[in-house]
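Below are the sequence and a predicted model for it; my questions follow.
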Amino acid sequence: MSTMDINVHYVTRVEGHGNLHARIRDGQLEECRWEVPEAPRFFEAMIRGRPYYDAPFITSRICGICSIGHVMAAIQGVENAIGFVPTEQTMLLRKLLLHGETVQSHILHAYYLAAPDFVGAPSVVPLASTHKEVVLRAVRLHRLANEWCDLIGGRTTHPISAVVGGWTRVPTADDLRGLRERIVAALPDVEATVALFQALPVPQFTRDTEYLALKKPDEYAWYGGDIASTDGDVTPLPEYRRKVKEFIVPHSTAKRARGNRNSFAVGALARVNVNYAQLSPLARSAAQALGIKPVTCNPYLNSAAQVIETAHAMEDSLAIIDQLLARGLREEGYAVAIRPGTGVGGVEVPRGTLYHEYTIDADGKITDANFIIPTGQNHQNIEDDLRALVPGLVGRSQEEITLSMEMLVRSYDPCISCSTHLLTVEFV
């Protein structure tokens, strides 16, 4: 079929509502849009006038999947604004909690949302009978991650233990020893996950892309760092607005972003491309097995990159736990002195780099805030990928083209509701 209209309302197996539209006439792609029709959120206005310590708890409600990442970005932004420097123990525990969320979210997407596409299933539900052990493996890993987040953060989602200045509760040595045993016991499931994704048929599609991720000289960056581009430039985190240039389009209620080019991508594949040399041994082995090395520009491989990062998060967590146990855990409190100022927090959450910026006055009240969500940064790149993908599919059936487009969107693991960020939109 050389003439067709594709309209998908809404793409399934993603968070939130996103529409696909393509218009093909006489074998030529005339129009292609990735639309976000959701209502805006207003969180930046919501927290103005609130005390600084409310920021993590309010902003965690931006997302039920990346709530831990929002807490960490908020804490980091506020602490940078008031000039507070956390202890090494606090930093180690924050990274351990972020790793729990990374495993939690990556397993959810890779197994439940993305994998069915590769085997021709409409969802994970039919796979419970046809591939029972695979689904049970996913359940085991997801349960571990949920209980990991609960142990360190005080709740599986919207954590309450991590606060500006430190922790309201520090896990015990026995808590960490128990978590360590469970992570070690789960490593065979991680290796089996690598083998599974090694066997899945991945669409062959590439488009030269700029990838952005946080980078540090001594570790695979998750919490803070500079903004590194696969184009070669590096931007200090406080200058994030100079690199991440937001803009709007008439067919979306979510802002978009560009860097050096018309668009860029963030997320697991971006991080692996930027930080490949700092992957843990198990993660490096997974990357080799899955055929990913810098710079890989196939967006469908983002799910495979999530598997690589799951291996890294598990192995790095073992090292963090060993450090904490060797140091000896201690209660530290979380009192801070208030100094007015502006600070930026940058955290790598499952879907990419998350930015929180806060201005705090002398009374400790928030006077201004700005958030840039990973999926908001990916929207334009998704649309640019679709425009490059569809012409190569002309000649296939409408069902095949539609599925390929939906799979590409799902590969980004978008969190669409979190990205809706505008106050006023005029549709023309």
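Yes, it's here. Numbers count the residues shown, from 1 in each chain.

burial measure for the nearest residue in space to Lys245 that is not next to it in sequence, as a count.
Take Lys245 and drop its neighbours on the chain: the residue closest to it by C-beta to C-beta, 6 or more residues apart in numbering is Arg258, 5.4 Å away. Every residue, glycine included, has its C-beta placed from N, CA and C. Here the number of neighbours of Arg258 (other C-beta atoms under 10 Å) works out to 18.

Equivalent analysis for Ser280, please.
With neighbours defined by other C-beta under 10 Å, the count for Ser280 comes to 20.

which SS state does the residue nearest to it when sequence neighbours are not counted fall under?
Closest residue in space to Ser280, ignoring its immediate chain neighbours: Glu315 at 4.0 Å, by C-beta to C-beta, 6+ apart. Look at Glu315: counting by DSSP: H, G, I helix; E, B strand; the rest coil, its state is helix.

So Glu315 versus Ala277, what's the distance?
When distances are taken as C-beta to C-beta, to the nearest Å, Glu315 and Ala277 turn out to be 15 Å apart.

who has more neighbours, the two?
Using other C-beta under 10 Å as the criterion, Glu315 and Ala277 rank with Glu315 on top: 19 against 8.

State the pLDDT value of that one.
Per-residue confidence at Glu315 stands at 98 (pLDDT).

My read is that it contacts Ser285, right?
No: with contact taken as C-beta atoms under 8 Å, Glu315 and Ser285 are classed as non-touching, separated by 10.1 Å.

quick one on the thing from earlier: what's the residue nearest to Ser280 in contact with, if anything?
With contacts taken as C-beta atoms under 8 Å, 6 or more residues apart in numbering, Glu315 has the following neighbours: Ser280, Pro281, Leu282, Ala283.

Most neighbours among those residues, please name it.
Ala283 leads the contacts of Glu315 on contacts (other C-beta under 10 Å) with 25 neighbours.

Helix or strand for the nearest residue to that one once chain neighbours are set aside, just tell me which one.
Take Ala283 and drop its neighbours on the chain: the residue closest to it by C-beta to C-beta, 6+ apart is His312, 3.6 Å away. Here His312, judged by DSSP states H and E, is contained in helix 302-327.

average model confidence for the helix or strand just after that helix?
Beyond helix 302-327 in the direction of the C-terminus, DSSP H and E gives the next helix or strand as strand 341-349. In this model, strand 341-349 has a mean pLDDT of 98.

other SSEs contacting the helix or strand following strand 341-349?
Beyond strand 341-349 on the C-terminal side, the first helix or strand identified by DSSP H and E is strand 352-360. Here strand 352-360 is seen to pack against helix 55-59, helix 67-82, strand 212-215, strand 341-349, strand 366-372, helix 374-389 when contacts are counted using 3 or more C-beta pairs under 8 Å, 6 or more residues apart in numbering; DSSP states H and E.

Pick the most buried one from these.
Scoring the helices and strands packed on strand 352-360 by mean neighbour count under mean count of other C-beta atoms under 10 Å gives helix 67-82 as the most buried, with a mean of 27.

so that helix versus strand 341-349, what angle?
Computed with axes from the mean of the first three to the mean of the last three C-alpha atoms, to 10 degrees, the direction of helix 67-82 lies at 150 degrees from that of strand 341-349.

Quick one: distance of the following helix or strand past helix 67-82 to the chain centre.
Towards the C-terminus, the helix or strand next in line after helix 67-82, according to DSSP H and E, is helix 88-107. With C-alpha atoms, centre = their mean, to the nearest Å as the basis, helix 88-107 stands 13 Å off its chain's centre.

likewise stretch 126-143?
23 Å.

just stretch 27-43 next, same as before
20 Å.

Could you tell me the end-to-end distance of that stretch?
End-to-end distance of stretch 27-43: 44 Å, with C-alpha to C-alpha, to the nearest Å as the criterion.

List the buried residues for it?
Leu29, Cys32, Arg33, Trp34, Glu35, Val36, Pro37, Glu38, Arg41, Phe43 (16 or more other C-beta atoms under 10 Å).

With stretch 284-298 instead?
By neighbour count with 16+ other C-beta under 10 Å, stretch 284-298 contains the buried residues Arg284, Ala286, Ala287, Ala289, Leu290, Ile292, Val295, Thr296, Cys297, Asn298.

sorry, back to before: using a markdown table, lay out the helices and strands packed on strand 352-360 together with distance to Gly154.
Below are those laid out as a markdown table (distance: least, C-beta to C-beta, whole Å):
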| stretch | distance to Gly154 |
| --- | --- |
| helix 55-59 | 11 |
| helix 67-82 | 11 |
| strand 212-215 | 25 |
| strand 341-349 | 18 |
| strand 366-372 | 23 |
| helix 374-389 | 24 |
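
what's the closest of those to Asp175?
The closest approach between Asp175 and any of the helices and strands packed on strand 352-360, judged by C-beta to C-beta, belongs to helix 67-82 at 17.2 Å.

Distance of Pro340 relative to Val194?
On the measure of C-beta to C-beta, Pro340 and Val194 end up 49 Å apart.

neighbour count winner among these two?
With neighbours defined as other C-beta under 10 Å, Pro340 and Val194 compare such that Val194 has more, 22 against 15.

For that one, which non-adjacent residue is closest in space?
Ala286 (4.6 Å).

Ala311 is in contact with the one you found, correct?
Yes: the pair Ala286 and Ala311 qualifies as a contact (C-beta under 8 Å) at a distance of 4.7 Å.

anything in contact with each of those two?
When contacts are counted by C-beta under 8 Å, 6+ apart, the set common to Ala286 and Ala311 consists of Val194.

Can you give the contact residues for the helix or strand bottoming out on mean pLDDT in the chain?
Evaluated with mean pLDDT, DSSP states H and E, the helix-and-strand set of the chain has its lowest mean pLDDT in helix 416-419, which scores a mean of 82. Counting contacts by C-beta under 8 Å, 6+ apart, the residues outside helix 416-419 that touch it are 14-18, 36, 38, 41, 62-63, 66, 254-255, 373-376, 379.

so where's the stretch 1-150 of the chain shaky on pLDDT?
Low-confidence regions of the stretch 1-150 of the chain, defined here as pLDDT under 70, cover residues 1.

circling back to that earlier point, for the buried residues of stretch 27-43, which one is nearest Ala81?
Distances from the buried residues of stretch 27-43 to Ala81 were compared by C-beta to C-beta; the smallest belongs to Phe43, at 17.1 Å.
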